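Peer 1: structure for this input, please:
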Amino acid sequence: MAKQIVNEMATNLTLDSNSASQALKELTREVKNSSAEAKILENQYKASGDAVSSSKAKYEGLQSTLEAQKTKLEALKSGLDNVNTSTKKGQDLQQYLNNELAKAERQYASYNGQLEKAKQAYTYQESGLAKLNNELKHGNDLTEARVQKLKAEGREDEANKVKLENLKNVQKNYTEQLSIQKTELGKLAESGDKNSDAYKR
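Peer 2: Reported below is the predicted structural model:
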């Protein structure tokens, strides 16, 4: 299907500047629609408090957006290959398409960077590290409030007990985080080169 779209759009891109502009608008609309649909899904999950599904929707949405942008790039390149540059109109069209190709390549690189960040965020959420970090912060905030209240009431011994109990919870949380991090490093080692300098470090 993508190949068919590329061929159709590439043909339109070689006709004249007006036809090329319309074809590009259609290709750009596909990219924007893909991005908008993913954003809606991401926000729906975020509103429901499902951080994992939200980050997954963003990651998968960017994959679709990148694919749509790739289709646009392929159509532009194919169109450029078939432009008749023996006429002034053809030369003008070639210049127009070259400019559009440069912009499309910059946008593709931008989407690629966003995708990498989204992948890291999704991995972080899915691993459970984000949840543990949130629990840690929430627990520390609650403990601090309780300790301050007890101290204000002159109940120092109880305040110290609360702090001690929280330290135990913090230690447990860190142990769980360390376990997850080891697992994630193991996955990286399996998917990458175990003999690489980065892995050895």
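Peer 1: mind checking how far the residue nearest to the spatial centre of the chain is from Lys39?
Peer 2: For the chain, the residue nearest the mean C-alpha position is Ala118 (2.2 Å; CA atoms, centre = their mean). Noted for Ala118: a distance of 12 Å to Lys39, by CB to CB, to the nearest Å. Every residue, glycine included, has its C-beta placed from N, CA and C.
Peer 1: list the buried residues in stretch 105-125.
Peer 2: 107-108, 111, 114-115, 118, 121-122, 124-125 (16 or more other CB atoms under 10 Å).
Peer 1: try stretch 83-94
Peer 2: 83, 93-94.
Peer 1: go on, stretch 35-44?
Peer 2: So, applying 16+ other CB under 10 Å, buried residues of stretch 35-44: 35, 38, 41-42.
Peer 1: CA atoms only: put it into CSV for me.
Peer 2: Extracted C-alpha coordinates of stretch 35-44, given in CSV (Å, rounded to 0.1, in the frame of the first residue of the first chain):
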residue,chain,number,x,y,z
SER,A,35,0.5,12.3,14.8
ALA,A,36,-2.8,13.7,15.9
GLU,A,37,-4.4,10.3,16.4
ALA,A,38,-1.6,9.1,18.6
LYS,A,39,-1.7,12.3,20.6
ILE,A,40,-5.4,11.8,21.3
LEU,A,41,-4.8,8.2,22.5
GLU,A,42,-1.8,9.2,24.6
ASN,A,43,-3.8,12.0,26.3
GLN,A,44,-6.8,9.6,27.0
